[in-house]
Every structure is written in structure tokens, then in C-alpha cells.
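Trainee: using only what follows, build the 3D model:
(2 chains)
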Amino acid sequence: MIDAALLEEIKQTLIKQELPGGGWSYGSSTSQAALEPTCLALLALRWDSSPARALGLEFLLRMQNPNGSWPAFSGDDSEGSGLTALAVIALINNGEMARQTERGVEWLLRLKGKESHWLWRWKFETTDTHVRFDPNKFGWPWQPGTCSWVIPTALSIIALKQGFVCCKPEQVSFRIRRGTEMLLDRVCPGGGWNAGNGVVYGIPLAPHLDATTIALLALGGEESNGAIASGLDWLERRAGTCSAPWSLAWAILALDAYGRPVEGLVDRLCALRDPALLADSATLAAAILAIDCLVEGNVFKVIA
Amino acid sequence: MTRRSLLAGSVGLAAGAVTAAPFLLPKYDRVRRPARSRAAIVRADEYSERLEGALMSALRLFDLNIAGKSVLLKPNLVDFVPGVAVNTHPVLVTAAAECFRRLGARSVTVAEGPGHQRDTQLVLYESGFRDELAKQHIPFVDLNRDELVKIKLCANYTGLGHLFLPRTVLSHDFVVSMPKVKTHHWSGVTLSMKNMFGVVPGTKYGWPKNILHWSGIQQSILDVCATVPIHFVIADGIVAMEGNGPLAGTSRPLHSIVLSDDPVAADATCARLMGFKPERIPYIYEAVKFLGNASTKSIDQLAGQVTAPDIPFKVVPEFEHLRASQSPSCLGT
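Mentor: This next block holds a predicted model:
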């Protein structure tokens, strides 16, 4: 049973953490708004009618770069952040299907991991082979001019799947397909996902909780396969011993999206009296999304 | 020689000079290398409460002026891999914090921006850092989520020009790099200077901080360390790592803590203890020109002796040439 009073209390805490000009910073020690806490807060407050949400949305739209991307934080350069997908997800789920959301999507479609270029692909296929991956299967980088990584790729797939529910233009379908192939290519041998590749110098890497959860969310609606099944099994086992609120919240969201039981994990998250949970707006918002997913629905759930 | 050929030659020379100038110019804004550097090696067999006393005795040898200063301890806290010595041990970090408090520091803060694992709190929980820091009321700052300031780089090996860096690091008076002594499959070693990659924020540059890899790891080490001064080094070599570091190597007890007031001297000393030739590590070779000293002739050894191990640390094949037992002909292979 969800503790409605607790949920309301932490929502109010999140609202109070909004900066005077709109947007959220990671922590209370800074007034520098950042993209990730702002987007997660807007998702957590998507049904809220308080002025905080409106102010936050206004800020997010104002923050957009001329090229359609979003900066990682106020004062960032204007080249664009790999978390731009999160801004698109936040706008879609707040009913803002405006031209600015479309421009964000257009930028995402232009952004590719550096390994997608033939020269780098050739390098990774011939001389630079210590990392086990297929450079033909590319996704999205954290920053323009770098390689594809799991989290920006997974978030971008979620943004495209949520942005184009029925009729997907060919380019959108192509990028979702390539990104999905990349995620499946880079799965860790024991299940789950690390930050990027699963094997380096012949050694299997251990999966990470948040990379695994976001990858699984992106693969929602895909035909069931071994990578998804082993990732879910690993996640279920690992989440059972996790006491860090950020990873626990994301684990709940991913397991819920696949219909696995999460009530016990939600109880544990609610019971955490960790100052780190309340001090960090991004973590607090992720916790609200996780606790709320059984009632208000899972904001990251996608269909194929 | 005709006047025409002289003129043509002069024009060609001038054009050549203009073209070559950027490559001939120094890649750093000024020479910061001290005339002499100091280092000490403390023997320690385990991570225990006794570390604090040994560390305090060694720190006193340096006669550091810490009174009233804000001290930032930057451990290597990259990820948590059960049973593998991946991170600077929390007991060493809290011992150092207590020592700096006793030396009169106004404040001591531990800060890190893990380069691989996005959930810093999870790494803190599982590595034991959270409990150790809480016990001694030592504040921790996640540099990946700190306020960022755009800073012009004081060296130009990468061509990046600037980086966004955390205000917490820039605002402290005394920065102590506390690396884990490890081999590294992309850079050969990861010591006090490579440890500073942890101040480059993931919020901006991602996990890992891939831009630093694309710009050249050795070059990025030089640019970051020229820009963010390391005032002191306490390197955790009690249990070090060899082989496929920084995450998938194997533990290698070295029974040593290396202290130095010069990061180049610290890294050169650690490299020697690992059985490597420091001058074969590109960033140390280059850093000697402007950042610090690597030659034993320029380092005053305040305690302990630099002794190469009988068997050098294992490395991935690309870095076999670092091992002192390899002939120089292996260089660059």
C-alpha cells in the first residue's frame, strides 16, 4: 500500500527545491539549474497543478539551445547534451507537443555515436579491437563527437518511442532499430548493462543498476529475448540488496514496466531515511516516480 | 644565388615558420615545476586504525602549512567491484582527513565524481565510504553533480581549450590527490595525476568522461593537472592493482603509502615501486618539462626507500615496455 501522506510530503519538498527562476539544481548548495533534475522533477509533478510545474516547464523551454538540443545545465555550451532525450520525454509527458519538442527530436535524429562514421567504424573493426562491440550498431553519445553509451542511447529510444506512438517515419524507425541493436550487442555476459561495453580486454564487466534499468525500459515492447530476460533476472536479484535510493528507484521503474512485483522494493524505498535522498532533487524526483508508478502509472513505460 | 631565389626562399621560410609555429609553441602557459620536490614512503601492511599515526608522522616531515586552510581530499572512487581493490581505501581517506584536521585545517571535505558508476551514493554505500565518513562527520561532495564553472585550460595538449569544472574543487585552498596505485589498460598507470579525471564532471561529459579519451588520455592528464593544481599526494599502495586495471585487474600488495608535495614526483615514485620506468610513461615524460620532477636526483626522499620489486607489476601487452626489465628497444611497441 502506498503511503499517500509520505508521497505528498516528498512532492512538497521537491516543489520547495525549485529555483526562483524555474528549474531544479541537483543539490541545495547551488543555484545552477541542471537538465536532469529539472526533467525528472517535471515528470514527477506532471499531474500537479501547482505553479511550480508551470514555472519549471517555462524554464525548460527557455533553456533549449538554438540547434534544438538542451544544455546539461545553465551556463553550459550550446553544443547539446546527451540528456536532451530526457527533456523530450519530460515535455511529451507534460503534454507539450510543441514545435520545441519536435526540434529536440530532430536534433536527436541528427546526433550519432562517433563510431557510426565509416572511418571510426573501420578503426574499431580492424586495429582497435580490445573492446568487444560491433560498431555497425550505434546509438547516442553523452556529448557530440564521442562514442555511443548505454544511458543516452536508452533515453533517446524511449523519447522516440514515446514521441511516435503509431506512425513512425522511416528515420525514426531506423534509429530505434539501430539503437536497440546496439543495446543488445553490448549486454554484459552475465546479464544487464554496464556504462558501455560488456567485455574489455576479454574480461566481462559487471552490470550497473541504473544503466541496466534504463536499457530495459528502452527495450520495452520489443520481442522477448535472452538479453531482456537475463537483464530482468539480474536486476531483480541485485535490487533486492540495493540501499541507494537512486538505483532503487530506477530498478522499481524497470521491473514495474515488465510486470514484475515491486511492492517490497517500494516499501524499502519509502522506508529509507537517507539524507542523500532528500538533498538531491534528481534522486528525490526519481523516488517519487518510482513510488507513484503503481498509482499514477509508469512514465517510462513504452510500447514498441 | 639570385635575388629572385633569395626572395622566394625567404617567403617560403616565412610561410613555413607561420605554419609550424603552433606546433613549436610550448603547450603550457608557464613552468610550475619546483626546484626540488619531496617524497616519503610509509610502510603499511593493512588498513587499520594504526594508519593515522603513521600518516601523521610522515606528514609532519613535510612541514605543511595547513592552518586555516580548506582541504579537499580527492580519492579514487570509480566503481565498486566486490573483492577487488578498485578504490582508495576509506580507512586511509578518513585517516588523512583526521591528520589534516589535527594540522589545523579549517575544513576537510572528501569529493569525487566517479568516472564509471553514475550512482555515487551506491558506490559510497557499497565501498564502505559512507559509514566511515559518517563516523567522523566528514562531508562528501559528488563532483558529478556539483555547480560547474567554465575554466580556460592552462595547457593545450588536447586542444579542448576549456573545461567545465566543479566549483567545490576550485574553491578549496589545498587539494590532495589520493589515488589507488593501479595499472590501467588505456594509459598504463593510474596514479595521482590520472586520478584528477574524477574532477571532470559526468553531468557535462558523461560516464565515462569519454571526451577525455577521444582527446587523448595522456594529453588530458596534462591539461587537467596544469589547470587544477594538486598540492599534495597520498597514494594508496597498501594493496595496489596490477594487470587489466583500473577495474578488472588483480590485487597486488605493495605495503606502501606514497606521499609527495609534487604529483609528478609522486607518480614517478609509484611507477618505480611498480617496477616501471617513469620516463616511459608519456604524461610523466612531458610533465617534467613544466609541472614537476621525476628524476630521483630532484626528489628529496624524506622517508622510506624507492625499491623496485623483483617482479614488475603485470600490465596489458600494449604497456609491456613500461616495465623496467624491458629493453628500451621495446619502447613504443
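Trainee: when you work out contacts or count neighbours from here on, use the C-alpha atoms and nothing else.
Mentor: Fine.
Trainee: quick one: the strands in the chain?
Mentor: Answering for chain A, as no chain was given. For chain A, strands defined by DSSP state E occupy the ranges A:199-200, A:203-204.
Trainee: switch to chain B, that's the one I care about
Mentor: B:37-43, B:70-75, B:107-112, B:140-142, B:148-152, B:162-166, B:174-178, B:180-184, B:188-190, B:232-242, B:250-260, B:299-303.
Trainee: export the strands of chain A to TSV and append columns for distance to B:L64, mean neighbour count and mean pLDDT.
Mentor: As requested, the strands of chain A are exported to TSV (distance: least, CA to CA, whole Å; neighbours: other CA atoms under 10 Å in any protein chain shown; pLDDT from 0 to 100):
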stretch	distance to B:L64	mean neighbour count	mean pLDDT
strand A:199-200	42	18	80
strand A:203-204	43	16	84
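Trainee: redo the ones you listed as JSON lines? Include distance to B:P114.
Mentor: Output for the strands of chain A, formatted as JSON lines (distance: least, CA to CA, whole Å):
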{"stretch": "strand A:199-200", "distance to B:P114": "19"}
{"stretch": "strand A:203-204", "distance to B:P114": "20"}
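Trainee: and of those strands, who's closest to A:A4?
Mentor: A:A4 sits nearest to strand A:203-204 of all these, at 42.6 Å, using CA to CA.
Trainee: and the closest one, is it in reach of chain B?
Mentor: Yes - with CA under 8 Å from any CA of the partner chain as the measure, strand A:203-204 is seen reaching chain B through A:I203.
Trainee: residue numbers of the stretch 51-200 of chain A in contact with chain B?
Mentor: Residues of the stretch 51-200 of chain A lying near chain B by CA under 8 Å from any CA: A:A72, A:F73, A:S81, A:W142, A:Q143, A:G145, A:T146, A:C147, A:A195.
Trainee: what about 6 Å?
Mentor: Residues of the stretch 51-200 of chain A lying near chain B by CA under 6 Å from any CA of the partner chain: A:A72, A:W142.
Trainee: which of the strands of chain B is buried the deepest?
Mentor: Compared across those, strand B:180-184 shows the largest average neighbour count, a mean of 30 (mean count of other CA atoms under 10 Å in any protein chain shown).
Trainee: what packs against it?
Mentor: Counting by 3 or more CA pairs under 6 Å, 6 or more residues apart in numbering or on different chains; DSSP states H and E, the packing neighbours recorded for strand B:180-184 are strand B:188-190, strand B:232-242.
Trainee: averaged pLDDT, the last one. What do you get?
Mentor: Averaged across strand B:232-242, pLDDT comes to 98.
Trainee: just the shortest one next, same as before
Mentor: When pLDDT is averaged along strand B:188-190, the result is 97.
Trainee: that strand and chain A in contact?
Mentor: No - using CA under 6 Å from any CA, strand B:188-190 never reaches chain A; the gap is at least 13.8 Å.
Trainee: so what does that strand touch, helix or strand wise?
Mentor: strand B:180-184.
Trainee: ok, residues contacting the strand it packs on?
Mentor: The set of residues external to strand B:180-184 that reach it, using CA atoms under 6 Å, 6 or more residues apart in numbering or on different chains, is B:N87, B:T88, B:V189, B:T190, B:L191, B:D236, B:G237, B:A240, B:M241, B:E242, B:G245, B:P246.
Trainee: tell me the one of those nearest A:F164?
Mentor: B:P246 (41.1 Å).
Trainee: burial count for B:A287?
Mentor: Other residues near B:A287 come to 25 when the count uses other CA atoms under 10 Å in any protein chain shown.
Trainee: and the gap between it and B:V31?
Mentor: B:A287 sits at a distance of 10 Å from B:V31 (criterion: CA to CA, to the nearest Å).
Trainee: can you check B:L165 too?
Mentor: As judged by CA to CA, B:L165 and B:V31 stand 22 Å apart.
Trainee: got the contact list for A:A290?
Mentor: By CA under 6 Å, 6+ apart, the contact set of A:A290 is A:A249, A:I252, A:L253.
Trainee: which of those residues lies closest to A:V172?
Mentor: The closest of the contacts of A:A290 to A:V172 turns out to be A:L253 (CA to CA; 24.7 Å).
Trainee: done for today, thanks.
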